[in-house]
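In: Provided below are the primary sequence and the corresponding predicted coordinates.
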Amino acid sequence: MLKDTTGLPITAKNQDAVNAFEKTVISYFRFGIDIGTNLKETYSKDENMFFAHILRGYFMHLMGSRKMLTKAENALSDAKKLEREITQRELLHLKSLEYWCKLDLKKTTACWQEIADQYPGDALAIKMLHYSYFYLGDQKNLKFSIDKSWKYWTQKKNSPYYSYLLSLKAFGLEENGYYQEAKELAYEAYSINKDDAWAVHTISHVYEMNDQSSEGVKWIRESFLPNKWNNFRYHLQWHKAIMSLNICTNDEILKIYDTEIFDENSQEYLDLINNISLLLRLEMLNIDVGNRWDYIYEKINTRLNDHILAFIDIHFMICLCYKDINLAKNYLENIKKYQDESKDTYAEISKSITLLLCKAIIFYKTQKFDKCIQILEEAEGKSYLIGGSNAQRDILNLIHLDSLLRIKNQDKLQNFIKKRNITRPNNKFYEKLNHSINN
């Protein structure tokens, strides 16, 4: 039977198809611009390769768009026709995709974890686990999912996957507050492979969470490879912009947004989230963002019934609040309807936190700051459930902080700052926000 570079058996017509498939997986790991091209090459070598169907299905779900679900189901259908011909490991991947098409991300994740436990050389399963734990808000398993298979990978340092898995491990550490260890591992990954966008990203997170803004901006500028990376490059520029808030003028930040982050042709959800999150920070600082909300609204208007990730819904609500508060209130009812009619993992998460946070955002925009604060205090221990990184979810902390500043509740404000200083002792955004409100 044919095998991949880790020695795992794989079902395919020929080794060329296997090689093209692994090339596609590597492209996915490094956020390459050639992912689609490599997947097409895989199909050209074997038009009915099982893993090509599975990977295509995974990619459709990764788009975070409900209109892509039919394409994911088509990939599943193609893969299921080969069910009797595949290995036990491949069968588990089939089950993963099947559960995902039912929008049961928890069972999907359990399948990926089973694969990683039984076959630690399955780099794709580990990468998918990293995605699912990230959006399930499970920071503990974001770290442990890599740790469980790490003994195997320490013996495979010559594998083309090794450096990428090293950067995944580093990011899991970073999200759990092990900044120095995360930075060391991410730099090691980067030293092996400078094309690894996730290593660059993880190091950027370490600088950001330690409020080393000048160092972080310099790092991104020096390591940035826009001609090799897909739209994830915009997210790296988003990190640069967030850190630049501490050291650049308002006009300079707007220029970064316009020339390095916003892409008028992109519909990708992460790009939209980058745009929304940065614009909200600028609004907090009383910076005139002109009609930039209008452009984002035009993009999300056709996706307001998606409800694929709570993380996306929260950001869409922010945009709607700044476009038209009535649109935001309608979206709140839309979310309620979705929650009443759905029972999948995404709906379960939505019911636990999304509605609550969306209400807080509406109260914030309508200057009902006391109600906003009350909800955010209630949600404080579970806002991680929306998924995303600590840096991305910090937008909720900033809404909370801005609300406290505007009602001038000194007791609550000082308590909030005291807690924030534990994790972000050098953060300058508070000073900038306070200055913008009082001047």
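Out: In hand now; what should we look at? Remember, predicted model here, so these are calculated numbers, not experimental data.
In: now the strands for the stretch 251-400 of the chain?
Out: With DSSP state E, counting those that start in this stretch, there are no strands along the stretch 251-400 of the chain.
In: Now do the helices in the stretch 201-350 of the chain.
Out: Taking DSSP state H, counting those that start in this stretch as the criterion, the stretch 201-350 of the chain contains helices spanning 213-223, 232-244, 250-256, 269-284, 292-300, 310-323, 325-341, 345-349.
In: hey, which of those is tucked in deepest?
Out: Across these, averaging neighbours per residue (mean count of other Cβ atoms under 10 Å) puts helix 310-323 on top, at a mean of 25. All C-beta atoms are positioned from the backbone trio N, CA, C, and that covers glycine.
In: Just the CA trace of it, in PDB.
Out: Extracted in PDB, the C-alpha atoms of helix 310-323 (Å, rounded to 0.1, in the frame of the first residue of the first chain):
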ATOM      1  CA  ALA A 310     -20.400  32.800  17.600                       C
ATOM      2  CA  PHE A 311     -17.100  34.600  17.000                       C
ATOM      3  CA  ILE A 312     -18.400  35.800  13.600                       C
ATOM      4  CA  ASP A 313     -21.900  36.700  14.900                       C
ATOM      5  CA  ILE A 314     -20.400  38.900  17.600                       C
ATOM      6  CA  HIS A 315     -18.400  40.900  15.100                       C
ATOM      7  CA  PHE A 316     -21.200  41.200  12.600                       C
ATOM      8  CA  MET A 317     -23.300  42.700  15.400                       C
ATOM      9  CA  ILE A 318     -20.700  45.400  16.000                       C
ATOM     10  CA  CYS A 319     -20.800  46.300  12.300                       C
ATOM     11  CA  LEU A 320     -24.600  46.500  12.200                       C
ATOM     12  CA  CYS A 321     -24.600  48.700  15.300                       C
ATOM     13  CA  TYR A 322     -22.400  51.300  13.500                       C
ATOM     14  CA  LYS A 323     -24.300  51.000  10.200                       C
END
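In: Distance to Ile115 and mean pLDDT added to the helices of the stretch 201-350 of the chain, as JSON lines?
Out: Compiled in JSON lines, the helices of the stretch 201-350 of the chain are given as follows (distance: least, Cβ to Cβ, whole Å; pLDDT from 0 to 100):
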{"stretch": "helix 213-223", "distance to Ile115": "32", "mean pLDDT": "97"}
{"stretch": "helix 232-244", "distance to Ile115": "25", "mean pLDDT": "97"}
{"stretch": "helix 250-256", "distance to Ile115": "40", "mean pLDDT": "94"}
{"stretch": "helix 269-284", "distance to Ile115": "25", "mean pLDDT": "98"}
{"stretch": "helix 292-300", "distance to Ile115": "34", "mean pLDDT": "98"}
{"stretch": "helix 310-323", "distance to Ile115": "25", "mean pLDDT": "98"}
{"stretch": "helix 325-341", "distance to Ile115": "31", "mean pLDDT": "97"}
{"stretch": "helix 345-349", "distance to Ile115": "19", "mean pLDDT": "95"}
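In: Tell me which of these sits nearest to Leu385.
Out: helix 345-349 (5.8 Å; Cβ to Cβ).
In: Present the helices of the stretch 201-350 of the chain as a markdown table; the columns should include distance to Lys418.
Out: Output for those, formatted as a markdown table (distance: least, Cβ to Cβ, whole Å):
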| stretch | distance to Lys418 |
| --- | --- |
| helix 213-223 | 22 |
| helix 232-244 | 23 |
| helix 250-256 | 28 |
| helix 269-284 | 21 |
| helix 292-300 | 34 |
| helix 310-323 | 26 |
| helix 325-341 | 32 |
| helix 345-349 | 30 |
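In: for those, which one sits closest to Leu105?
Out: Nearest of the helices of the stretch 201-350 of the chain (Cβ to Cβ): helix 345-349, 4.1 Å.
In: returning to that earlier point: out of the helices of the stretch 201-350 of the chain, which gets nearest to Ile33?
Out: helix 232-244 (9.2 Å).
In: quick one, the closest one and helix 213-223 angle?
Out: Angle, helix 232-244 to helix 213-223, by axes from the mean of the first three to the mean of the last three Cα atoms, to 10 degrees: 160 degrees.
In: Give me the pLDDT for Asn439.
Out: We note a pLDDT of 66 for Asn439 in this prediction.
In: should've said Lys67
Out: For Lys67, pLDDT reads 96.
In: Of all the helices of the stretch 201-350 of the chain, which one is nearest Arg89?
Out: The nearest among the helices of the stretch 201-350 of the chain, by Cβ to Cβ, is helix 345-349 at 23.6 Å.
In: Can you point out the buried residues in the helix or strand bottoming out on mean pLDDT in the chain?
Out: One helix or strand of the chain scores below all others by mean pLDDT, DSSP states H and E: helix 429-438, with a mean of 79. By neighbour count with 16 or more other Cβ atoms under 10 Å, helix 429-438 contains the buried residues Phe429, Tyr430, Lys432, Leu433.
In: Can you spell out which helices and strands pack onto it?
Out: helix 269-284, helix 390-407 (3 or more Cβ pairs under 8 Å, 6 or more residues apart in numbering; DSSP states H and E).
In: Mind putting the ones you listed into TSV with distance to Asp258?
Out: Below are the helices and strands packed on helix 429-438 laid out as TSV (distance: least, Cβ to Cβ, whole Å):
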stretch	distance to Asp258
helix 269-284	11
helix 390-407	20
